[in-house]
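>>> Okay, here's the prediction I keep looking at, along with the sequence it came from:
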Amino acid sequence: MKSRRKNIVTHVYRGFANENRVYLHGRVLKDKKIDYGVTSGWFQKVKNTYNRFESDEIPYAKVHVQWDELSWALVCDDEGYFTLDEFYQLNTPVSKGGWISLTVSLPDYPESGVFTGEVVIPDERTDLGVITDIDDTILSTGTLDAGWWEVMKNTFFRTHFQRTQVEGASDLLSALAGEGQSKVKRPVFYLSNSPWNLYNYLVAFLDQMNMPRGPVLLRDYGIHLLRRKPRALRHKAKSLSRIFSMYPQMKFILIGDAASGDVDYYLDMVRSQRNQVAGIYIRIRENGRKARRILAISDSEHETKVKAVNRLEEIIQDSREMGWIY
């Protein structure tokens, strides 16, 4: 039976594709109308935070995705998530080097309307892609430079307007992406262990800081996280493998920080796809506890460029020397 509820919303997360495969992820939820423009009021901030994390999903909802003459019928899981990961063939040439739009609708909730999904298709001439962690790599969170209380304040009691970038993050990513240049733009992927509940919040932050537009890949939070998985089956490892397999002819610059174990995920990609890793940069806290290990790895990795940095400006300087920044 068709429902006429209007308070159902589909969050369609930015996806990515190549000339014959498309990946798009999203979630169907009750719309709690969170105002991401609110900049003051302690109570409103707490309320927004509660609504972000206490999401009311619509389990097993039917989802219809349309792209030109192509269409797919999907079904959400018990948490309201749906995933489109399909090979395709269009009768008309695919426009590469930019973003395409797909429409997403809910057959059982027609009154909820039609939603738009965005998918980036890099130009086949693109020489490099960029994959960066978010927390304490480009967004100041506190896991690397401060304590747990600073992390709590940033996550739960500050709007995206009040958050700050790691110094130089926007300049670095814009330079690596080739923005403002006449050459082919490079794709930037944002990878984090933060929950999907923070997706709109993080995208608003990235847009506010004028960082390059790109897919933001987060993970589902739940009791399943209590079960320890081999590293290869964890969110970051699976996301990296998906990106690398989507663009087998592209090399990637990988950027992370010492607090979140990024170097281990990145080195796993070196072992499995060495030819696709152009370089690895790990932000460390000067004289920090984890810095010594990163520095030791940097010294031992001769075939692949692994460099520990205190400031993102060091990556800009090094990338210029490598010819990665135009």
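All right, it came through fine. The structure presented is a predicted model; accordingly, all values stated were derived computationally and were not measured. Numbering: from 1, shown residues only.

>>> any idea where the helices of the stretch 51-200 of the chain begin and end?
148-156, 169-177, 199-208 (DSSP state H, counting those that start in this stretch).

>>> How about the stretch 201-326 of the chain?
Remark: helices assigned in the stretch 201-326 of the chain by DSSP H, counting those that start in this stretch are 235-246, 262-273, 291-300, 312-322.

>>> Among the ones you listed, which comes closest to residue 172?
In terms of CB to CB, the element of the helices of the stretch 201-326 of the chain nearest to residue 172 is helix 312-322, at 4.8 Å. C-betas here are computed from N, CA, C, even on glycine.

>>> same for the closest one, what does it pack against?
Helix 312-322 is packed against helix 169-177, strand 277-283, strand 306-309, with contacts defined by 3 or more CB pairs under 8 Å, 6 or more residues apart in numbering; DSSP states H and E.

>>> Could you tell me the least trusted of the ones you listed?
With a mean of 90, strand 306-309 has the lowest mean pLDDT of the helices and strands packed on helix 312-322.

>>> May I have the strands that pair with that one, each with its orientation?
Here strand 306-309 has these sheet partners by DSSP bridges: strand 277-283 (parallel).

>>> Off-centre distance for the strand it pairs with?
Distance of strand 277-283 from the chain centroid (CA atoms, centre = their mean, to the nearest Å) equals 17 Å.

>>> what comes into contact with that strand?
Applying CB atoms under 8 Å, 6 or more residues apart in numbering, the contact partners of strand 277-283 are 128, 136-137, 144, 166, 251-258, 262-263, 266-267, 269-270, 294, 298, 301, 304-310, 312, 315, 318, 322, 324.

>>> same question, stretch 94-107
8, 10, 12, 17, 19, 24, 26, 28, 61-67, 112-124, 126, 184-185, 213.

>>> how close does the nearest residue to residue 315 once chain neighbours are set aside sit to residue 324?
What sits nearest to residue 315 in space, not counting adjacent residues and going by CB to CB, 6 or more residues apart in numbering, is residue 281, at 4.9 Å. Separation of residue 281 from residue 324 (CB to CB, to the nearest Å) stands at 11 Å.

>>> just residue 83 next, same as before
Taking CB to CB, one finds residue 83 at 32 Å from residue 324.

>>> What residue, apart from its backbone neighbours, is nearest residue 190 spatially?
Per CB to CB, 6+ apart, closest to residue 190 is residue 216, 4.4 Å.
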